[in-house]
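Participant: Sequence plus predicted model, see below.
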Amino acid sequence: MNDVKKAVMTNWRWVMCAMLFFATTVNYMDRQVLSLTFKEFIQPEFHWTDADYGKITGVFSIAYAIFCLFAGKFIDWMGTKKGYLIAICVWSLGAVMHAGCGWVTENIVGVADKAALLNATGALAASISMVSVWLFLACRLILGLGEAGNFPAAIKVTAEYFPKKDRAFATALFNAGASVGALAAPATIPLLAKSLGWEWAFIIIGALGFLWAGIWIFVYDKPEESKHVNEAELAYVHQDEAEAPKEEAKAEKQMSFAEAFKHKQTWSFAFGKFMTDGVWWFFLFWAPAYFQDQFGIKASDPQGIALIFTLYAIVTVVSLFGGYLPKIFVEKKGMEPYAGRMRAMLIFAFFPIFALFAQPLGGIYGPWAVAIIIGIVGAAHQSWSANIFSTTGDMFPKSAVATITGIGAMAGGIGSYLINRGSGLLFTYAEKQGELFAFFGFTGKPAAYMIVFCICAVAYLIGWSVMKILVPRYKPVEIK
């Protein structure tokens, strides 16, 4: 009887995957509260321009990038359990703090209440705008500091609990939390903001992270230390080490930043992230504003909720296949994991080309055409993202995975800063220029959106090409 019990594999690794999924869901909901309250609630109250909003999202991206560089090292040093716990508590605190920005602004500029903020004009309105932007920036910096730890920690957990052949699929599953978070956000946040005030949207969504942290304390341990993992599951998890024990023994050494940047594999991963992360963040931050600018549809309108919900429903459902495709190449076609992953990523890199048609088809068929196209591009990104994250586990030893992931996330944050800050400035400029600003048959702000859509369309093919040039075939890294 005991032998039978030992032969049956436990599945605690999937509980870990579920925890990563929920953490990533909360991560993206916290990140999206601002985008879903900006145009309708926050912009009128604080007299922001698109350039102000672009500054906030852009600075968040660059701060997130800098924090990511050190977050991976922090997770490797602190350990997965404590590191992840600290990260989610910090970003949840930052999320909740946004709710106090209005009250602090009132006290700094010397106005009585929210109505006084809304009705301000001239120099007072300018002062309100400046003060509130800096306050929101401070909160976004704390949010970014904590959120920087999410993906390095999640990828490290994946490397701890899954063999190489399963990591892309596991990553796709937990990374779907980004889509589900983006899916749940439009169905909840605008309604919370409309019924309770935008401040409560930040408080309620931010509090979810503290709930997750309380559960994490009790469920996570390394697989070899967990009472929920039996010998059969442990053998399955460590099957790669069983095949190459000598190489894995060397892999326990830590990798310094200086050594990390000596490897083409690091630069390949970083460049792929630099070129593509900004596309996802652009749509995450600007899609609600786009539908209001182009079609007059507010985020709290039933149609606005339905549009954003549909967009991310497409992302969520379609992207799940993205992590499974390389598994087919590896198991059915006999390809080694890196080659299978790169082939899958090339396929995904072609789908963002549809972004070229978003603006033209939107003018003909309306906002639903745009929502569907952005959904397809978003699904391609999430599929790409699941696989590019997994290349770190293919190429680097487990002890270096979080560090390399942090470097790549930093590069992605820099790309996101450029596209979000640049978009805000471009949209404000194009709106002022009106018909004098033209591109591909569009004028004013629609022309500016068309420019950004064109950049998004080609980013993945450029990223894949450079990655392939830098690392044409599988070549694992050894720490010396």
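Facilitator: Thanks, I have the structure now.

Participant: tell me what the one helix or strand Arg167 maps to is packed against?
Facilitator: Using DSSP states H and E, Arg167 sits within helix 164-196. Under the contact criterion of 3 or more CB pairs under 8 Å, 6 or more residues apart in numbering; DSSP states H and E, helix 164-196 touches helix 12-37, helix 150-161, helix 198-219, helix 264-295, helix 302-331, helix 337-350, helix 367-395. Yep, even glycine has a C-beta here, placed from its N, CA and C like the rest.

Participant: and those as a markdown table, adding distance to Ile469?
Facilitator: Listed next are the helices and strands packed on helix 164-196 as a markdown table, based on distance: least, CB to CB, whole Å:
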| stretch | distance to Ile469 |
| --- | --- |
| helix 12-37 | 31 |
| helix 150-161 | 24 |
| helix 198-219 | 40 |
| helix 264-295 | 8 |
| helix 302-331 | 20 |
| helix 337-350 | 12 |
| helix 367-395 | 15 |
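
Participant: Just name the most buried of the ones you listed.
Facilitator: With neighbours taken as mean count of other CB atoms under 10 Å, the helices and strands packed on helix 164-196 reach their highest mean count in helix 150-161, at a mean of 27.

Participant: Low-confidence ranges, the protein, go.
Facilitator: Scanning the chain for pLDDT under 70 picks out 1-7, 242-253, 323, 480.

Participant: change it to 50
Facilitator: Low-confidence segments of the chain, defined by pLDDT under 50: 1-6, 246-251.

Participant: remind me, longest helix of the protein?
Facilitator: When the chain is parsed with DSSP state H, its longest helix is helix 398-433.

Participant: gap between that helix and the chain center?
Facilitator: How far helix 398-433 lies from its chain's middle: 11 Å, per CA atoms, centre = their mean, to the nearest Å.

Participant: just checking, what packs against it?
Facilitator: With contacts taken as 3+ CB pairs under 8 Å, 6+ apart, helix 398-433 sits against helix 50-78, helix 150-161, helix 257-260, helix 264-295, helix 367-395, helix 444-470.

Participant: Would you mind listing the buried residues in it?
Facilitator: Buried residues in helix 398-433, counted by 16 or more other CB atoms under 10 Å: 398-428, 430-431.

Participant: still on that earlier bit, okay, the angle between the helix holding Arg167 and helix 367-395?
Facilitator: Helix 164-196 and helix 367-395 meet at an angle of 140 degrees, taking axes from the mean of the first three to the mean of the last three CA atoms, to 10 degrees as the criterion.

Participant: angle of helix 164-196 against helix 302-331?
Facilitator: For helix 164-196 against helix 302-331, the angle by the same axes, to 10 degrees is 170 degrees.

Participant: buried residues in helix 164-196?
Facilitator: Applying a neighbour-count criterion of 16+ other CB under 10 Å, one finds 164-186, 188-190, 192-194 buried in helix 164-196.

Participant: same check, this time on stretch 88-102
Facilitator: For stretch 88-102, burial by neighbour count (16+ other CB under 10 Å) applies to 88-99, 101-102.

Participant: For that stretch, which outside residues touch it?
Facilitator: 23, 26-27, 30, 33-34, 45-46, 114, 117, 132, 135-136, 138-147, 149-150, 199-200, 202-203, 205-210, 212-213, 216 (CB atoms under 8 Å, 6 or more residues apart in numbering).

Participant: now do 7 Å
Facilitator: Stretch 88-102 has contacts (CB atoms under 7 Å, 6 or more residues apart in numbering) with 23, 30, 45, 114, 132, 135-136, 139, 142-143, 145-147, 199, 202-203, 205-207, 209-210, 212-213.

Participant: now do stretch 22-37
Facilitator: Residues outside stretch 22-37 that contact it (CB under 7 Å, 6+ apart) are 88, 91, 95, 143, 147, 150, 154, 174-175, 177-178, 180-182, 184-186, 189-190, 193, 198, 201-202, 205-206, 208-209, 212, 284-285, 288, 299.

Participant: Also stretch 384-394?
Facilitator: Stretch 384-394 is contacted from outside by 155, 159, 164, 167-168, 171-172, 175, 269, 272-273, 276, 322-323, 326, 337-338, 341, 344-345, 348-349, 401, 404-405, 460, 474, using CB under 7 Å, 6+ apart.

Participant: Quick check: which element contains Tyr84?
Facilitator: Element membership for Tyr84 (DSSP H and E) is helix 80-97.

Participant: what about that helix, distance to the chain center?
Facilitator: With CA atoms, centre = their mean as the basis, helix 80-97 stands 16 Å off its chain's centre.

Participant: how much space is there between the closest residue to Ile155 other than its chain neighbours and Ala159?
Facilitator: Once flanking residues are discounted, Ile155 sits nearest to Thr405: 4.7 Å by CB to CB, 6 or more residues apart in numbering. Relative to Ala159, Thr405 is positioned 9 Å away (CB to CB, to the nearest Å).

Participant: That concludes my questions; thank you for your assistance.
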